[in-house]
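**Student:** Sequence first, predicted model second:
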Amino acid sequence: MTAYLDALGVICNLGHGKREVAAALFAGETGNIRAEAGWAPRRSLPLGAVRHALPPIPSALAATRDNRANRLLLAAALEIEGDIRTAIRRCGGHRVGVIIGTSTTGIERTTGAIDHRRRHGQWPADYRYADQELGAPAEFLAEWLALSGPAYGISTACTSGARALISAQRLLQTGVCDAVLCGGVDTLARLPVNGFLALEALDADHCQPFSRNRHGINIGEAAALFLMTGEHGDVVLAGSGASSDAYHMSSPDPQGLGAQQAMRDALARARLDAGQIDYVNLHGTATEHNDRMESRAMAAVFPHGVPCSSTKALTGHTLAAAGALEAAFCWLSLRDRDRRLPPHAWDGMADPELATLDLIGTPRRLPARGTRRLMSNSFAFGGNNASLILADAGASEVLPR
């Protein structure tokens, strides 16, 4: 069965909703990453924080489900609530699944609760451990929408959002579900911020993916939610690939063998050659080792080059949400009237030690005719790799049904 991405709800530091996010994305706006204090001791860090007001949790769930992760996810869901409700009426609540990639969930509230217990000898009265469980965001959506289909979380670090889409596709293909809400959400939290700081993986300034001056990541937060169905839509998940090379707990395989496998598997499942891909959204974290690995993997899979960019200089690294958010950027390009591609924002100082990439500087557009195909890559701790290919729905004609 072909998996169509029928609707998209999104919120990140670039804006709330598809229109705002697309405008900032295609303009290459980097000003939405700003220095903030309070997340790490005695210093400010550039962060991609969502500064929009978030919707309140519905009153029936407020006592048990109110945290920032769920509010971000609700903001994305409300943008496509009409599409979701229509799918529920058509399929039945027992045939609609929910799969959400996450890593932080309610961990920031837990950090505060632990501090409260240290100072006062007891937990806060309103603290619930369940807020930080990794399935909690998916369960929240299922409860809000009164769904009884499969609802669970995926937490494979920075590939979580991408793997949620892969798992959703499998639920459709195996006939378990007729529609799936899938994507990713993560919030800014002191635990991951200080964890990356301890790893010396944070840049004190704006991150510079693939630059000789790169010094690490900026962290952001986001929610991106797709409605995936087997009905005919405008955008299709044409192919996906995943691998786990288990090279190291936090460093990538220097040759990018697992990354190559994920990309090649996605191409094979889409029945495409590398030369048929029009654009790649790179993982592009701006860390020394990840960018080197990814450039080598890209050179191996795309020896003749392909237009590409990392959008993390615009959003920060949204961790478990990144795979879904960057797939959303590909979705926006496919649906954009002007066929625009996300630019690569950086200082323009190429690292001569990296394999050469065709990074998008001046504005570029997708071809005016024919089926357009875009790849989005996500690579995570533990050697976990995922690659998605999104295409115009016409691409589904070559896929098995």
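**Tutor:** It's in.

**Student:** In the stretch 101-250 of the chain, where is pLDDT below threshold?
**Tutor:** 249-250 (pLDDT under 70).

**Student:** could you pull out the strands for it?
**Tutor:** Counting by DSSP state E, counting those that start in this stretch, residue ranges of the strands within the stretch 101-250 of the chain are 151-154, 179-186, 219-220, 222-229, 235-244.

**Student:** now the helices for this structure?
**Tutor:** 18-27, 59-65, 68-79, 81-91, 107-120, 136-145, 160-173, 190-198, 257-270, 288-301, 312-315, 322-335 (DSSP state H).

**Student:** Mean neighbour count and distance to Phe379 added to the ones you listed, as a markdown table?
**Tutor:** Where you see a C-beta, it was placed from the backbone N, CA and C, and this is true even at glycine. Shown next, in a markdown table, are those (neighbours: other Cβ atoms under 10 Å; distance: least, Cβ to Cβ, whole Å):
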| stretch | mean neighbour count | distance to Phe379 |
| --- | --- | --- |
| helix 18-27 | 18 | 21 |
| helix 59-65 | 13 | 31 |
| helix 68-79 | 24 | 23 |
| helix 81-91 | 16 | 30 |
| helix 107-120 | 15 | 22 |
| helix 136-145 | 23 | 23 |
| helix 160-173 | 26 | 10 |
| helix 190-198 | 16 | 15 |
| helix 257-270 | 22 | 6 |
| helix 288-301 | 22 | 7 |
| helix 312-315 | 27 | 12 |
| helix 322-335 | 28 | 10 |
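
**Student:** closest one to Ala246 among those helices?
**Tutor:** The closest of the helices of the chain to Ala246 is helix 257-270. By Cβ to Cβ, the value is 8.3 Å.

**Student:** re earlier: deepest in the core, which of the strands of the stretch 101-250 of the chain is it.
**Tutor:** Most buried of those by mean neighbour count (mean count of other Cβ atoms under 10 Å) is strand 179-186; its value is a mean of 34.

**Student:** Can you spell out which helices and strands pack onto that one?
**Tutor:** Under the contact definition 3 or more Cβ pairs under 8 Å, 6 or more residues apart in numbering; DSSP states H and E, strand 179-186 sits against helix 68-79, helix 81-91, strand 96-101, helix 160-173, strand 222-229, helix 322-335.

**Student:** ok, it: who's next to it in the sheet?
**Tutor:** Here strand 179-186 is paired, per DSSP bridges, with strand 96-101 (parallel), strand 222-229 (antiparallel).

**Student:** now the ones you listed in a markdown table, with distance to Ala69?
**Tutor:** Output for the strands paired with strand 179-186, formatted as a markdown table (distance: least, Cβ to Cβ, whole Å):
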| stretch | distance to Ala69 |
| --- | --- |
| strand 96-101 | 9 |
| strand 222-229 | 8 |
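
**Student:** follow-up on the earlier one: can you redo the strands of the stretch 101-250 of the chain as CSV with distance to Gly17?
**Tutor:** Listed next are those as CSV, based on distance: least, Cβ to Cβ, whole Å:
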stretch, distance to Gly17
strand 151-154, 24
strand 179-186, 15
strand 219-220, 17
strand 222-229, 12
strand 235-244, 17
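
**Student:** quick one, which of these is nearest to Asp291?
**Tutor:** strand 219-220 (16.7 Å).

**Student:** Off-centre distance for the closest one?
**Tutor:** Chain-centre distance of strand 219-220: 12 Å, with Cα atoms, centre = their mean, to the nearest Å.

**Student:** so what's Asn33 up against?
**Tutor:** Small correction: residue 33 is Ile, not Asn. Asn13, Pro46, Leu47, Gly48, His206, Cys207, Asn218, Gly220, Ala313, Leu314, Thr315, Gly316 (Cβ atoms under 8 Å, 6 or more residues apart in numbering).

**Student:** Distance to Ala300 for those residues - can I get that in TSV?
**Tutor:** Listed next are those as TSV, based on distance: Cβ to Cβ, whole Å:
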residue	distance to Ala300
Asn13	33
Pro46	32
Leu47	34
Gly48	30
His206	29
Cys207	25
Asn218	28
Gly220	29
Ala313	24
Leu314	27
Thr315	27
Gly316	28
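
**Student:** From those residues, pick the one nearest Ala75.
**Tutor:** Comparing the contacts of Ile33 against Ala75 with Cβ to Cβ picks out Asn13 as the nearest, at 12.9 Å.

**Student:** Next, work out how far apart that closest one and Ala224 are.
**Tutor:** 13 Å (Cβ to Cβ, to the nearest Å).
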